[in-house]
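Predicted model follows, preceded by the sequence.
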Amino acid sequence: MYVEYLDIPQIPENLLLTNIEDITSLETQKTTPNGLYTTYHAPTELYEYVKQGFFNNNVQVRYQVMNGQLPIHVDSDYQGVSHVYNYCIITGGDSVKTRWWEQSVIENKRISFDGGHFDAIWGDEINGGLLYETVIEPNRWHKLTVNVPHDISKLDYPRASLRVWTEPTSQSF
């Protein structure tokens, strides 16, 4: 299963930033060289709420902002992490798709956002190899597979989510 919705309550409005300007004013944790994807440190109150309420103590909490379509990639920034927990705040459009691809689509290509050379493969230009696609629902926690090639389709406006993961040694939920 590539995406699984979880039975976790919505984040209280007083803890959640809901516009791009507020999110991007936070401390940057990581950004791609092209600026399509940036993560930001979550405020302490939100981090504590997420950690105490639903995840173990070995958890990381970040806002993520996508400023455009993301090419097919695997998440290399969290070595050993097979999935993350996301909470979509701003969808980027009504029909923005998250898609997973067969490994053969990216054969012999470098597709990790690790700061080095990157071979951009755009899902909208691929014929075949699609494993699964979905439109992520806003304001719902979901578990997302990130160690299989995946992409985000074209956006109508920036997309923002909360991203939570546990260290590879403690990925129980």
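In hand now; what should we look at?

Next, give phi and psi for residue 139.
Dihedral pair for residue 139: phi 60, psi 30, per degrees, to the nearest 10.

Counting neighbours, what do you get for the nearest residue to it once chain neighbours are set aside?
Leaving aside its sequence neighbours, residue 139 sits nearest to residue 10 (C-beta to C-beta, 6 or more residues apart in numbering; 5.4 Å). (Each C-beta comes from the backbone N, C-alpha and C, glycine too.) Counted with other C-beta atoms under 10 Å, the neighbours of residue 10 add up to 11.

Provide the secondary structure category for the nearest residue to residue 57 once chain neighbours are set aside.
With sequence-adjacent residues excluded and distances taken as C-beta to C-beta, 6+ apart, residue 57 is closest to residue 51, at 6.3 Å. Assigned with DSSP: H, G, I helix; E, B strand; the rest coil, residue 51 falls in the helix class.

Residue 51 and residue 15: what is the separation?
12 Å (C-beta to C-beta, to the nearest Å).

Please apply the same query to residue 53.
Residue 53 is 10 Å from residue 15, by C-beta to C-beta.

likewise residue 48?
9 Å.

Quick check: bridge partners of residue 63?
residue 40, residue 162 (DSSP bridges).

How many neighbouring residues does the residue lying closest to residue 156 once chain neighbours are set aside have?
Nearest residue to residue 156, sequence neighbours excluded (C-beta to C-beta, 6+ apart): residue 93, at 3.4 Å. By the other C-beta under 10 Å criterion, the neighbourhood of residue 93 contains 15 residues.
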